[in-house]
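Enquirer: Would you be able to build a 3D model of this:
(one chain, ligands or ions: 1)
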Amino acid sequence: MSSTSFNVRRVRREIEHLIGGDNVSDAEIDRVCYSRDAWPLRLMQLGRLVTKPRPDLIVWPTTVEHIQHVLRIANAEHIPVTPVSGGSGVCGGALPTRGGIILDLKRMNRICGLDEESYTVTVEAGLLGYELEQYLSVRGYTTGHAPSSIFSSAVGGFAAARSAGVLSSKYGKFEEIVVSLEVVLPNGELLRTKTVPRSSMGPDLKQLFIGSEGTFGIITELTLRICPLPESTQFASFLFPDLHTGMEAVIRFFRRDLRLALIRLYDENETRFVLGRFKSPPEGACVLNLIYSATKKLVSLERRTVTRICEAAGAEPLGPKPSKHWWDNRFDLYYPSSINLGPGMLYDVLDVAASYANLETMYWRMREAMEKLGVSTMSHFSHFYPDGGNIYVIFIGHAGSSEEAEAKYSRVWKVGLEAAHRAGGTLSHQHGVGLLKAPWMPVEHGPVGFALLEAIKQYLDPHNILNPGKLGLGSKASPSTDTPTAQGGDSP
Ligand SMILES: Cc1cc2nc3c(=O)[nH]c(=O)nc-3n(C[C@H](O)[C@H](O)[C@H](O)COP(=O)(O)OP(=O)(O)OC[C@H]3O[C@@H](n4cnc5c(N)ncnc54)[C@H](O)[C@@H]3O)c2cc1C
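Expert: Take a look at the predicted model:
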């Protein structure tokens, strides 16, 4: 049973009439399929056959007008609408916690135009990342956005959840790649931001929707920056005596104005995992995988400068193999959320970020707090910027039963995020908020900042139809009725 009551049959007929019967389903199999995304807690629940809450209807719009029709009906009847692009989100953002309509954008996957003069491409929101990159690469271009989920995630989801590709140190996070947006508001109105390189006409409205995870509007079309494919790509790895020395070297890259495509520094635990096939690292040693990707001249300069910095720091050069091996096998990695490890097992990844002044402290505090609860961790720092970077803390553990594992999972998240917050970090670098981190939004933004977000939500979506409960927004319009089984992460 969904927590929202409406006449499903009548609404289904109404939507079918407007957008065609092939684009709507209330079949049981579809409703079960859309009761999940890739959130590990949800997958743990599915492991014990908890398939509720489910949507009442699934709608696959093929045009922006279809979305406008559906939202007008949903707004008039106060029916929850949850958008889905790829469905690869790992925080429960696409779960239909209050039933209603799933709006799956995958049939809106057209490439609307390539502007080779301005170096932009305009696409619909349901286009999968790898389809976009295939289209661009045969023409000599790339967006540079290369998340590990590229085969199962779409551009609408990248923008909605502020995604980061593995090459973000060079190309930026997705919010930096978006030039302009088209968005359907909850009342069916259409908003387009201008396709211009930069602007100072007041606040940047597109950034209001980027990261809003479908709570403010449905992103339907995006214009993205593109770059020429790199002329040369080379790989390198170095083994540092410890994490601190590795981190200092990375900071020096930025101080020398280098912009490498990939910089991945592994802690001692993950170093053993990553380097195991090549050599047995000394205790405490940390491996740094690098990719140089630019013009031949620039790559050669980057190589020389980086090698000098690493060797001066006492790092052992390992040649290209470890880094190349990671690159070639990056899609084979088992991502914890892609699998169900079995009853009693718990696992996930905390992705946080901080300025360099806080980054290492944050790592040690998170690790200590999480490991105290009896889970194992291994971590890497994989998105570096001139002023700071992220940490990706993978944890795995077990408990006596599936229910106990789920409770422990929430405790691990709680202590990990608490430690990150106290160390001055942001509680999400690239995976968004969804349900998992919703209780942490007031902590992240402070009472004034969160009240402002709530006021925007109230203005845009007074009936709280768009992705209710996600990001912790909309409680003013209708207090949370989400089922406890769909809630994640203990309250802060
Ligand atoms: C194996 C694996 C590897 C991953 N690797 C990475 C990685 O390298 N980098 C990274 O950033 N993330 C990664 N992720 C997480 C995930 O792929 C990203 O969060 C991605 O941005 C989600 O895109 P999606 O299209 O699948 O979004 P969905 O899961 O469909 O949606 C995500 C959120 O956005 C909302 N939404 C979706 N479409 C729209 C729209 N058109 N308009 C408004 N709101 C919308 C949804 O309601 C939901 O709240 C990984 C996930 C997995 C399973």
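
Enquirer: And for residue 459, the neighbour number?
Expert: Neighbourhood size, residue 459 [other Cβ atoms under 10 Å]: 9. All C-beta spots, glycine's among them, are computed from the backbone N, C-alpha and C.

Enquirer: separation between it and the ligand?
Expert: 17 Å (Cβ to the nearest ligand atom, to the nearest Å).

Enquirer: those strands in the stretch 1-150 of the chain, which residues are they?
Expert: 24-25, 57-59, 81-84, 101-104, 111-115, 120-124, 141-142 (DSSP state E, counting those that start in this stretch).

Enquirer: Sheet partners, orientation included, of the first one?
Expert: The reference is to strand 24-25. Strand 24-25 pairs in its sheet with strand 57-59 (antiparallel), by DSSP bridges.

Enquirer: Quick check: chain neighbours aside, which residue is closest to the residue of the chain found nearest the ligand?
Expert: At 2.0 Å from the ligand, residue 157 is the closest residue in the chain, using Cβ to the nearest ligand atom. Distance criterion Cβ to Cβ, 6 or more residues apart in numbering; nearest residue to residue 157, sequence neighbours excluded, is residue 85 at 3.7 Å.

Enquirer: just residue 426 next, same as before
Expert: Using Cβ to Cβ, 6+ apart, the closest residue to residue 426 is residue 353 (5.1 Å).

Enquirer: what's near enough to touch the one you found?
Expert: 383, 388, 389, 390, 391, 425, 426, 429 (Cβ atoms under 8 Å, 6 or more residues apart in numbering).

Enquirer: Surely the third one is within a strand?
Expert: Yes: the assignment for residue 389, made by DSSP: H, G, I helix; E, B strand; the rest coil, places it in a strand.

Enquirer: quick one: it and residue 250 touch, right?
Expert: Yes: between residue 389 and residue 250 there is a contact under Cβ atoms under 8 Å: 7.5 Å.

Enquirer: Settle it for me: which of the two has more neighbours?
Expert: Shown here are residue 389 and residue 250; by other Cβ under 10 Å, residue 250 has more neighbours (26 against 23).

Enquirer: The more buried one: what's it in contact with?
Expert: Going by Cβ under 8 Å, 6+ apart, residue 250 touches 263, 265, 288, 381, 384, 389.

Enquirer: Which members of the residues you listed are classed as buried?
Expert: 263, 265, 288, 381, 384, 389 (16 or more other Cβ atoms under 10 Å).

Enquirer: Bridged to the second one, which residues?
Expert: Going back to what we said before, that points to residue 265. residue 288, residue 381.

Enquirer: Hmm, residue 243 and it touching each other?
Expert: Yes: contact status for residue 265 versus residue 243: in contact at 7.3 Å, counting by Cβ under 8 Å.

Enquirer: between the two, what contacts are shared?
Expert: residue 286.

Enquirer: tell me the helices in the stretch 201-350 of the chain, going along the chain?
Expert: 205-209, 243-255, 268-275, 296-312, 321-328 (DSSP state H, counting those that start in this stretch).
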